[in-house]
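1. Dropping the sequence and predicted coords here.
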Amino acid sequence: MPYFPASGRHLCRLCRLPSSVSLRRHAHYKPQKQPPPPSPPTPPKPPQKPVSFTLHDQTWQDPYSWMSSLNDKVAMRHMDVYMEQEEKYTEAFMFGTDRLQAKLQSEMASRMTSELSTPPLRWGPWLYYRRVEEGKQYPVLCRRLASLNEEFISHKSPSAGFDYTSGKRIEQKLLDYNKEAERFGGYAYEEQSEVSPDHRFVAYTMYDKDNDYFKLSVRDLNFGSLCDKPQADRVSNLAWAMEGRALLYTVTDHNKRPYRIYCSMIVSNEEDIMIFEEADDNIYVNIRHTKDFHYVTVNMFSTKYSKVFLINGADPLSGMTLVWECEGQAHCIIEHHQGYLYLFTDAAKDGQVVDYHYLLQTPVEDLSSPMKWEVMTVFIDDKDLIIEDVDFSDTHLLLIIREGRKLRICSVPLPLRNEMGAVHLKDANPNFLPLPNYVSQISLGTNYDFYSLTMRFTVSSPVVPDAVVDYNLSNGKWNIIQQQNLLHERTRVLYGTSNSMEKSSVSNSSDYLNDVNSEDCNLWNDLSEFYACEYYDVSSHDGIKVPLTIVYSKKNKKENQNAGLLHGHGAYGELLDKRWRSELKSLLDRGWVIAYADVRGGGGGGKKWHHDGRSTGKHNSIKDYISCAKFLVEKEIVQENKLAGWGYSAGGLLVAAAINSCPHLFRAAILKVPFLDPSNTLVYPILPLTAADYEEFGYPGDIEDFQAIQKYCPYNNIQKDVPYPAVLVTSSFNTRFGVWEAAKWVARVRERTLYDPKRPILLNLTTDIVEENRYLQCKESALETAFLIKVMDS
């Protein structure tokens, strides 16, 4: 179940004074002279200790390599001093923005979702949900019998699971993450949790930050106590078997490669049994159970091949059966439905790489030949309707489909028996749901209950707050069960009741339009009445069209006078996050344009779009981003010299590399926990890297990949003696890419470029994982926004 962060309700209280106190203060207010602004602060200069590296007959020096010497106590003491200097420098530059930051933080806090409970998820007789208790930082996993509370939608009915009519408590607290924080040094971060199919146990993994791994625990839900076994370290995957009496889990090696599978009989005293071990360091192992718990699937993959095995869920010690294999690394998900296996994959067909996913099926009894799948395609390939994702229930198949830029979602009745061969999707009686305009992502929910008639998913858009939707597969009715409403003058009750459409539109035509009428837009809490969303196709350096999305306030946008913030990611085939983010409203309402560049290397454009922007093609991602930046300025969407870049993690590499190529194009940038030194990190990794990392950024052992890395590496290609934009780099001691990545880049930019006190290079560090603390999220967003406003106004 997804982690639900703490509520921002208390933050709102801290940010607002009682009206009586406020009036008294204003009554006795006397203007005071502002203190004179301090002289421009001097940026820190960490010591240089050059170290030489050689590979492929090429030698280079790294003057700040000592920052990554984690086992050198002297170096780490120098690092501590340097970090303190960076903190003071950031504070000095941001002097005079305290009121602005407080105002921004108050704005952002007031927009935080105030719900104290996740939408309840029905599974069998139970409703599962997480809620936050007042004054607590972390949530509690709870459940209640659906028969006792059929109308339960949110935390408001009834409060904390107490039925005042009967005087009985109808809620069970299953897992208190505040107590888990006590077990794990004051910090609670869960990666996985799985309730057993008999609803008796919950298996979950918690992050042990002292040892940097996830620890497995199993809790008995009848008594609330921890089970004696299994309690394993370095666990990456879980799967229940034998109707909840056995738990399978995978364990990683010290390089974080999943390589062993264990089976634990929960109610016995026997030692856990290792049922598989992969000795090849290049092969990774993952497990999951099919939704009906009949099988556990074992995925083994490397860059050379992908294989899927089945384990009988009723007898997990009976061995593994190979059911699918293909060349190269492919996405392979297997589900079981009434004697048939369905495979959702993007593996090559007839030796030819395909740019999309497709669905295959085969009877379970025909598993003697894995290649039997080849003649059992479910749907005829249609380049205009690309299947992005699938989910199964006992009665229906749910499909997320991309048609050009439009995302659609439909259900198809099961079973599908294609004795006559593959069919067109339109001939399978699909039932399409009407969606709001500009949908950027549809995310399937957990949907644990295979036999439920309800499927849950989340709809995201740049101009629609995330809507959690329950869709009834039998009658086509859909309900928005949770969504934030930002427009108080048009407030709708979203918690405690739900918005519904009596039925979805039904279409068998490929000409079906996603558009909904204005009445439906109101149901979706569509903000396009106030904020415009526009699409553009931007020509890149090689003529490829790059999708560009822009959002702006209809009220506050001015012709050729707007500052702009351009987001980019372009890695791992991941979709760029274009959801409505309430913290960006503070910029939109101040006349900023928010833009999103879907560059190559990211998702949404098929496998080729991803591959064309990785490794030796990484320069395509960077040039795509630069092309979008130039387009915004040339078309006067953003005023010249008022464009900022924004990148997270691998997106930080993208933006930093673009700045190296065209520093004059940007006035500012925000780099969040960025990957900035692939040249050294890929050759001499400090932290374990995966095969996916090397596939994405290149194998330095390959001379072509190595040369490409050297060319795009942000740390190695900083221009000398030219002015750079102002950059705020944020990092954390708990980030996957170490703090030294950010610290080294910041030091080297200052060393090489022309110093301008109005365009500083700042480093802001946090000791916590900001994403798991809504107060820190709000505080950091306010700092970043204040930085952008200050730089643009200077």
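-> Ah, there it is. Bear in mind the structure is a predicted one, so any value in this text is a computation, not a measurement. Residues are numbered from 1 along each chain as shown.
2. Check the secondary structure at Tyr358 for me.
-> strand (DSSP: H, G, I helix; E, B strand; the rest coil).
3. Kindly report the same for Arg408.
-> Look at Arg408: counting by three-state DSSP, its state is strand.
4. going forward can the numbers begin at 14, since that is how I track them
-> New numbering, starting at 14: the last item is Arg421.
5. and the nearest residue to it once chain neighbours are set aside, how many neighbours?
-> In space, Arg421 comes closest to Ile414 once its chain neighbours are excluded; the distance is 4.7 Å by Cβ to Cβ, 6 or more residues apart in numbering. Placement of C-beta: from N, CA and C, glycine included. Neighbour count for Ile414, taken as other Cβ atoms under 10 Å: 21.
6. Ile414 falls within a strand, correct?
-> Yes. Counting by three-state DSSP, Ile414 falls inside a strand.
7. Measure how buried Glu572 is and give me the count.
-> Neighbours of Glu572 under the rule other Cβ under 10 Å: 8.
8. Phi, psi for it please.
-> With angles defined as degrees, to the nearest 10, Glu572 sits at phi -60, psi 120.
9. That one against Val651, yeah?
-> No. Glu572 lies out of contact with Val651 (Cβ atoms under 8 Å); the separation is 11.4 Å.
10. ranges for the helices of the stretch 664-807 of the chain?
-> Using DSSP state H, counting those that start in this stretch, the helices of the stretch 664-807 of the chain run over 691-696, 704-710, 716-725, 752-765, 787-806.
11. closest to Val606 out of those?
-> helix 787-806 (12.1 Å; Cβ to Cβ).
12. Quick one: the helices of the stretch 664-807 of the chain as TSV, columns for mean pLDDT, distance to His344 and mean neighbour count too.
-> TSV is the format used below for those (pLDDT from 0 to 100; distance: least, Cβ to Cβ, whole Å; neighbours: other Cβ atoms under 10 Å):
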stretch	mean pLDDT	distance to His344	mean neighbour count
helix 691-696	91	24	22
helix 704-710	90	12	19
helix 716-725	96	23	18
helix 752-765	94	29	22
helix 787-806	89	31	21
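13. Adding distance to Asn777 as columns, could you present those in a markdown table?
-> Formatted as a markdown table, the helices of the stretch 664-807 of the chain follow (distance: least, Cβ to Cβ, whole Å):
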| stretch | distance to Asn777 |
| --- | --- |
| helix 691-696 | 21 |
| helix 704-710 | 25 |
| helix 716-725 | 25 |
| helix 752-765 | 9 |
| helix 787-806 | 7 |
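14. Select, out of these, the one closest to Ala259.
-> Of those, nearest to Ala259 by Cβ to Cβ is helix 704-710, at 29.8 Å.
15. Looking at the helices of the stretch 664-807 of the chain, spot the one closest to Glu104.
-> helix 787-806 (10.4 Å).
16. packing partners for the closest one?
-> helix 22-28, helix 111-124, helix 598-601, strand 656-661, strand 681-685, strand 739-745, strand 774-779 (3 or more Cβ pairs under 8 Å, 6 or more residues apart in numbering; DSSP states H and E).
17. Chain neighbours aside, what residue packs nearest to Cys675?
-> Ile639 (5.6 Å).
18. close enough to count as contact, that neighbour and Pro676?
-> No. Look at Ile639 against Pro676 with Cβ under 8 Å: they stay out of range, at 11.2 Å.
19. Settle it for me: which of the two has more neighbours?
-> Ile639 (23 against 18).
20. dump the residue contacts of the more buried one.
-> Ala671, Ser674, Cys675, Leu678 (Cβ atoms under 8 Å, 6 or more residues apart in numbering).
21. Convert stretch 667-676 to PDB, retaining C-alpha atoms only.
-> Output in PDB follows, covering the C-alpha atoms of stretch 667-676 (Å, rounded to 0.1, in the frame of the first residue of the first chain):
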ATOM      1  CA  LEU A 667      20.100  17.300 -18.200                       C
ATOM      2  CA  VAL A 668      19.700  20.900 -17.000                       C
ATOM      3  CA  ALA A 669      23.400  21.200 -15.900                       C
ATOM      4  CA  ALA A 670      24.600  19.900 -19.300                       C
ATOM      5  CA  ALA A 671      22.300  22.300 -21.100                       C
ATOM      6  CA  ILE A 672      23.700  25.200 -19.000                       C
ATOM      7  CA  ASN A 673      27.200  24.100 -20.000                       C
ATOM      8  CA  SER A 674      26.200  24.300 -23.700                       C
ATOM      9  CA  CYS A 675      24.300  27.600 -23.500                       C
ATOM     10  CA  PRO A 676      24.900  29.400 -20.200                       C
END
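22. Report the buried residues of it.
-> Across stretch 667-676, burial judged by 16 or more other Cβ atoms under 10 Å covers Leu667, Val668, Ala669, Ala670, Ala671, Ile672, Asn673, Pro676.
23. Look up how far Ala756 lies from the last one.
-> For Pro676, the distance to Ala756 (Cβ to Cβ, to the nearest Å) stands at 20 Å.
24. sorry, back to before: for the residue nearest to Arg421, give me the pLDDT.
-> What the model reports as pLDDT for Ile414 is 93.
25. just Val388 next, same as before
-> 55.
26. follow-up on the earlier one: could you verify my assumption that the residue nearest to Arg421 touches Leu420?
-> Yes. The pair formed by Ile414 and Leu420 meets the contact definition of Cβ under 8 Å, at 7.2 Å.
27. Mind pulling the model confidence for the residue nearest the centre of the chain?
-> Taking Cα atoms, centre = their mean as the criterion, Asp590 is the residue nearest the geometric centre of the chain, at 7.8 Å. As predicted, Asp590 sits at a pLDDT of 94.
28. before we move on, back to that, helix or strand: which one has the residue nearest to Cys675?
-> Using DSSP states H and E, Ile639 sits in helix 631-647.
29. Compute the inter-axis angle for that helix and helix 716-725.
-> Per axes from the mean of the first three to the mean of the last three Cα atoms, to 10 degrees, the angle that helix 631-647 makes with helix 716-725 is 30 degrees.
30. quick one: buried residues of helix 631-647?
-> Buried residues in helix 631-647 (16+ other Cβ under 10 Å): 631-642, 644-646.
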